[in-house]
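Q: Sequence unavailable; structure follows:
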């Protein structure tokens, strides 16, 4: 692993670090809003990784001069990842809003947005139902 | 110069991410996520993706912060400390990260002009769009014309997500007690409550 | 927000400028960074800023929720409609050459303009719809908890 390999790949690794920080928040934190923030961070890190693959050394932003007199020597950065990520960001905010709406509904139903407490309430409800139905079915259920 | 900017922005991004992990105040978390978006927009500019930077700055730092604050107003202000040990999540994250890093070892170096991503359709778009589309911004040309179907799909997804949010949280709030009373008492009451949800926001 | 006079005056001034900027981004997207997605978000931000500084009712006098819902659907209709119109001219779906048969690249300009307008209208509508949905919900916790 020589120096040029390191310089050429280190930013990919930094993106992976950011991604994993987001994933850690999603997995380790019990709060639903925080999980969504973590998911957003993960998403943004993926976008950055994707865009960085389109970068060309010495390239410029993929916009021609307004008079369309194009200098053949100009190198343009790959515009395709930009298109895909640009739409993905807007779709991302729409789906984030959907996730937040679900959090709001969960809070209204359960009175909490902590994962542990929701699971506890679910467990209580299940055992309560089991008790009622169990009696109705002669204690067999 | 560019490297220096990259290093500074990366340091700030990682610091912000770690601060999100550490803090227990949800308000601070939401604000930090806005900061994270703005910093990533900065990084997008250094990567020549000006359109993406523009979108990220408007969406990530603007709308998403507002929506999350709206959610906080309806839910909770602070996070309760988790009772679980952080060891298992840490292990999961480390293993996933190691696998991803292993995956990047095969990738072409950053900024390589001969990478597969640069030699397939991208040069074709850049070479053909002045004659075929005649629009200075290549990103717009690809977005709206070459990949018009793709964008139609994305627009439909945005529309669908908006409508789903509307279905979930618009209209009158029905509590559990009300719903049960409606189910046993008069069924018409619940019908109405669901029915007038759409237009009364 | 009754006592924040600076905020109120500045927001009143800025809202118009934000809408103007949104239109610039929308219709200048062919020449500079921008386009329907960004313009839609910026347009929605103008109304959101107004609603945040004043209140929801005043913002909904300017842009009622039902109008926002219809805008969201209208944009997708404009986008899909552009494709259908190009089919009516005998071209394939979303082939903008249809709009000026003698000069394909001018046809492309018309097509891109129409399609970006559709995207912008949808994004404006959806962002406002989402914002209204969240803010018109009555909070179940008190303000003292902040």
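A: In hand now; what should we look at? Fair warning: this is a prediction, and the values are worked out from it, not measured in the lab.

Q: drop to CA atoms for contacts and neighbour counts, all remaining ones
A: Noted.

Q: For the biggest helix by length in chain C, list every residue counted as buried.
A: Using DSSP state H to define each element, chain C has its longest helix at helix C:104-135. Going by neighbour count (16 or more other C-alpha atoms under 10 Å in any protein chain shown), the buried part of helix C:104-135 is C:104-135.

Q: do the same with stretch B:131-144
A: Within stretch B:131-144, judged by 16+ other C-alpha under 10 Å, the buried ones are B:133, B:134, B:135, B:136, B:137, B:138, B:139, B:140, B:141, B:142, B:143, B:144.

Q: Next one: the longest helix of chain C, is it in contact with chain B?
A: Yes - counting by C-alpha under 8 Å from any C-alpha of the partner chain, contacts between helix C:104-135 and chain B involve C:104-106, C:108-109, C:111-112, C:115-116, C:119, C:122-123, C:126-127, C:129-135.

Q: re earlier: helices - which of the buried residues of stretch B:131-144 land there?
A: Those of the buried residues of stretch B:131-144 lying in helices (DSSP H): B:138, B:139, B:140, B:141.

Q: out of the buried residues of helix C:104-135, who's near chain A?
A: Within the buried residues of helix C:104-135, those near chain A by C-alpha under 8 Å from any C-alpha are C:127, C:130, C:134.

Q: wait, the first one sits on residue C:41?
A: Yes - contact status for residue C:127 versus residue C:41: in contact at 6.9 Å, counting by C-alpha atoms under 8 Å.

Q: Name the nearest residue to residue A:121, sequence neighbours excluded.
A: Leaving out its chain neighbours, the residue that sits closest to residue A:121 by C-alpha to C-alpha, 6 or more residues apart in numbering or on different chains is residue A:110, at 7.6 Å.

Q: correction: residue A:65
A: residue B:136 (6.4 Å).

Q: swap in residue B:61?
A: residue B:34 (4.5 Å).

Q: swap in residue B:13?
A: Residue B:13's closest residue in space is residue B:36 (C-alpha to C-alpha, 6+ apart), at 6.1 Å.

Q: for residue C:68, same thing?
A: Per C-alpha to C-alpha, 6+ apart, closest to residue C:68 is residue C:125, 4.6 Å.

Q: roughly how far apart are the one you found and residue B:2?
A: To residue B:2, residue C:125 is 39 Å away according to C-alpha to C-alpha, to the nearest Å.

Q: For the residue positioned nearest the centre of chain B, what are phi and psi?
A: Centroid check for chain B by C-alpha atoms, centre = their mean gives residue B:60 as the closest residue, at 6.9 Å. Torsion angles at residue B:60 (phi, psi; degrees, to the nearest 10) stand at phi -70, psi -50.

Q: mind checking pLDDT for it?
A: Model confidence at residue B:60, given as pLDDT, is 87.

Q: tell me the pLDDT at residue C:103?
A: pLDDT at residue C:103 comes out at 87.

Q: how deep is it tucked in, by neighbour count?
A: 11 (other C-alpha atoms under 10 Å in any protein chain shown).

Q: Just want the phi and psi numbers for it.
A: phi -140, psi 80.

Q: Helix or strand, whichever it is, which one in chain C has the lowest mean pLDDT?
A: helix C:56-62 (a mean of 90; mean pLDDT, DSSP states H and E).

Q: thinking again about what came up before, is it possible to get a markdown table of the ones next to chain A among the buried residues of helix C:104-135 that adds pLDDT?
A: Below are these laid out as a markdown table (pLDDT from 0 to 100):
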| residue | pLDDT |
| --- | --- |
| C:127 | 94 |
| C:130 | 94 |
| C:134 | 91 |
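
Q: I'd like the distance between the closest residue to residue C:123 other than its chain neighbours and chain A.
A: Nearest residue to residue C:123, sequence neighbours excluded (C-alpha to C-alpha, 6+ apart): residue C:40, at 4.8 Å. Taking C-alpha to the nearest C-alpha, to the nearest Å as the measure, residue C:40 falls 10 Å from chain A.

Q: quick one, the helix or strand in which residue C:40 is found and helix C:104-135 angle?
A: According to DSSP states H and E, residue C:40 maps onto helix C:36-53. Helix C:36-53 runs at 30 degrees relative to helix C:104-135, counting by axes from the mean of the first three to the mean of the last three C-alpha atoms, to 10 degrees.

Q: Let me know how buried the residue of chain A found nearest chain C is, in neighbour terms.
A: Of all residues in chain A, residue A:66 sits closest to chain C, at 6.5 Å by C-alpha to the nearest C-alpha. For residue A:66, the count of nearby residues is 13 (other C-alpha under 10 Å).

Q: Can you name the residues that contact it?
A: Contacts were defined as C-alpha atoms under 8 Å, 6 or more residues apart in numbering or on different chains; by that measure residue A:66 touches B:136, C:31.

Q: picking that back up, filter the ones in helices among the buried residues of stretch B:131-144 down to the ones close to chain C.
A: Applying C-alpha under 8 Å from any C-alpha to those, those adjacent to chain C are B:140, B:141.

Q: Throw the ones in helices among the buried residues of stretch B:131-144 into CSV and include distance to residue C:23 and pLDDT, thanks.
A: Shown next, in CSV, are those (distance: C-alpha to C-alpha, whole Å; pLDDT from 0 to 100):
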residue, distance to residue C:23, pLDDT
B:138, 20, 91
B:139, 19, 92
B:140, 16, 91
B:141, 19, 91
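
Q: I'd like to know which of the ones in helices among the buried residues of stretch B:131-144 is nearest to chain C.
A: Distances from chain C to these, taken by C-alpha to the nearest C-alpha, are shortest for residue B:140, at 6.0 Å.

Q: which parts of stretch B:90-103 are buried?
A: For stretch B:90-103, by 16+ other C-alpha under 10 Å, it's B:90, B:92, B:93, B:94, B:96, B:97, B:98, B:100, B:101.

Q: is it true that residue A:95 touches residue B:159?
A: No - assessed by C-alpha under 8 Å, residue A:95 is found out of contact with residue B:159, at 10.4 Å.

Q: Looking at these two, which has the bigger crowd around it?
A: residue B:159 (24 against 19).

Q: which residues touch that one?
A: C:72, C:73, C:76, C:122, C:123, C:126.

Q: And for residue C:100?
A: By C-alpha under 8 Å, 6+ apart, the neighbours of residue C:100 are C:106, C:107.

Q: Can you check the pLDDT for it?
A: So residue C:100 comes in at 87 (pLDDT).

Q: re the thing from before, ok, the buried residues of stretch B:90-103 vs residue C:30, which is closest?
A: When these are compared for distance to residue C:30 (C-alpha to C-alpha), residue B:100 wins out at 37.1 Å.

Q: Can you tell me the closest non-neighbouring residue to that closest one?
A: That would be residue A:16: by C-alpha to C-alpha, 6+ apart, it lies 6.9 Å from residue B:100.

Q: which phi and psi does that neighbour have?
A: phi -60, psi -40.

Q: Can you report how many residues lie near it?
A: By other C-alpha under 10 Å, 23 other residues sit near residue A:16.

Q: what's near enough to touch it?
A: Going by C-alpha under 8 Å, 6+ apart, the list of residues near residue A:16 reads A:45, B:97, B:100, B:101.

Q: and with 10 Å instead?
A: Contacts for residue A:16 (C-alpha atoms under 10 Å, 6 or more residues apart in numbering or on different chains) come out as A:10, A:22, A:42, A:45-46, A:49, B:96-101, B:104.

Q: No more questions from me, cheers.
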